[in-house]
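Enquirer: Sequence plus the predicted model coming up.
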Amino acid sequence: MNQGKELKDLNLLDRFLFNEAMEDQEFLEKVLGIILEKDIELKHTPQTEKEIGRSVWNRQIKLDVWAMDTEHNIHNTEAQKQNTGNLPKRSRNYQGMIDSRLLPPGEVDFGKMNDVFIILIMPFDLFGKGLYRYTFRMKCEEAVDVSLMDGATRIFLNTRGTNAQGVSRELVEMLRYFEETTDERAQASGSKTIRWMHEKVRSIKSSEEVGIKFMNAWEEKILDRQEARAEGLEEGRRQGLQEGQTEEREQGIRKMIKLCQKLAMPREDAASQVAEIYQLEQKDINNYMEQYWND
């Protein structure tokens, strides 16, 4: 959620609107259908911010949108607005956490594991090739025609692609619509599905109930930021730092990062909030996150 944005101004890459839209089963089915180029029928209502366990650092892991289809495939769909520099490994972590929950304790038949699709939608080109879609499955380096067939697929979608080779026009239009969720963008689309999506989005944005939920979520974010900053500065004072504002600032940043972990915030959200409060450049917040996130 971005400071200064109202609900009406959000696009589908903003986590709040993304989750609200994807909670609609039919909406998510249509999105997945365009991405995977086949009809998708979900078995259950999608779950947003699904908690799937704790990492070795004892913090909760939350998935943006989790769903299972009628063929028992697992789909995890995420919107990632910020290039944190670790999204490939982040996707690996998601896959590992999901895999760890697929079999009951004591089950030794790994053939029962569900196929898993990890999908990240981003307004930047993570791999620099201009593609709209990058799909990864395990292959053998020595024999490139040999696939591992382990049932794991990771897909990185780039809303700002320039090379539409290998993807449908509808996918290109949908990705652009995700970044620019406006009447004009929807009306310019040749896809009835995207225009249908836009009507759903308009309904969400005009809902009084959703508006209250948005305001409550924003107020909670502000309180979290204020609390994190206050606790960080107070921690510096408690430790009796005498080295002046520079060291107090360092300790405040560290304290806020650790508090964000305690609150189970995703790493990129924590980085964004710390950078905003302390007015940090991207390279500086990246350094602080590397230094303090897992210390």
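Expert: Everything's here; your move.
Enquirer: From now on I want contacts and neighbour counts done on CA atoms only, so please keep to that.
Expert: Will do.
Enquirer: residue ranges with poor pLDDT in the stretch 101-250 of the chain?
Expert: 218-245 (pLDDT under 70).
Enquirer: Could I get the full set of helices for it?
Expert: 169-179, 183-188, 192-206, 208-238, 245-262 (DSSP state H, counting those that start in this stretch).
Enquirer: Can I get those in a markdown table including mean neighbour count?
Expert: Formatted as a markdown table, the helices of the stretch 101-250 of the chain follow (neighbours: other Cα atoms under 10 Å):
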| stretch | mean neighbour count |
| --- | --- |
| helix 169-179 | 21 |
| helix 183-188 | 15 |
| helix 192-206 | 17 |
| helix 208-238 | 16 |
| helix 245-262 | 19 |
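Enquirer: Show me the one of those helices that comes nearest residue 148.
Expert: helix 169-179 (27.2 Å; Cα to Cα).
Enquirer: Just the buried positions in stretch 114-122, please.
Expert: 114, 115, 116, 117, 118, 119, 120, 121, 122 (16 or more other Cα atoms under 10 Å).
Enquirer: quick one, what contacts residue 80?
Expert: Going by Cα atoms under 8 Å, 6 or more residues apart in numbering, residue 80 touches 13, 120, 121, 122, 123.
Enquirer: and the residues you listed as TSV, adding distance to residue 142?
Expert: Shown next, in TSV, are the contacts of residue 80 (distance: Cα to Cα, whole Å):
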residue	distance to residue 142
13	39
120	29
121	31
122	32
123	34
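Enquirer: Tell me the one of the buried residues of stretch 114-122 nearest residue 146?
Expert: Of these, the one sitting nearest to residue 146 (Cα to Cα) turns out to be residue 115, at 18.3 Å.
Enquirer: The closest one - nearest residue in space that isn't next to it in sequence?
Expert: Leaving out its chain neighbours, the residue that sits closest to residue 115 by Cα to Cα, 6 or more residues apart in numbering is residue 151, at 4.4 Å.
Enquirer: what about that neighbour, how many neighbours?
Expert: 14 (other Cα atoms under 10 Å).
Enquirer: What does it show for phi and psi?
Expert: Main-chain dihedrals, residue 151, degrees, to the nearest 10: phi 80, psi 10.
Enquirer: re earlier: right, and the helices of the stretch 101-250 of the chain - which one's nearest residue 8?
Expert: helix 192-206 (5.6 Å).
Enquirer: tilt between that closest one and helix 169-179?
Expert: For helix 192-206 against helix 169-179, the angle by axes from the mean of the first three to the mean of the last three Cα atoms, to 10 degrees is 20 degrees.
Enquirer: How far does helix 192-206 sit from its chain's centre?
Expert: In this view, helix 192-206 has its centroid 21 Å away from the chain centroid, taken as Cα atoms, centre = their mean, to the nearest Å.
Enquirer: now stretch 255-266
Expert: 17 Å.
Enquirer: got it, and stretch 153-163?
Expert: 14 Å.
Enquirer: and it, how far apart are its ends?
Expert: The first and last residues of stretch 153-163 sit 21 Å apart, counting by Cα to Cα, to the nearest Å.
Enquirer: got the buried residues for it?
Expert: Buried residues in stretch 153-163 (16+ other Cα under 10 Å): 153, 154, 155, 156, 157, 158, 159, 160, 161.
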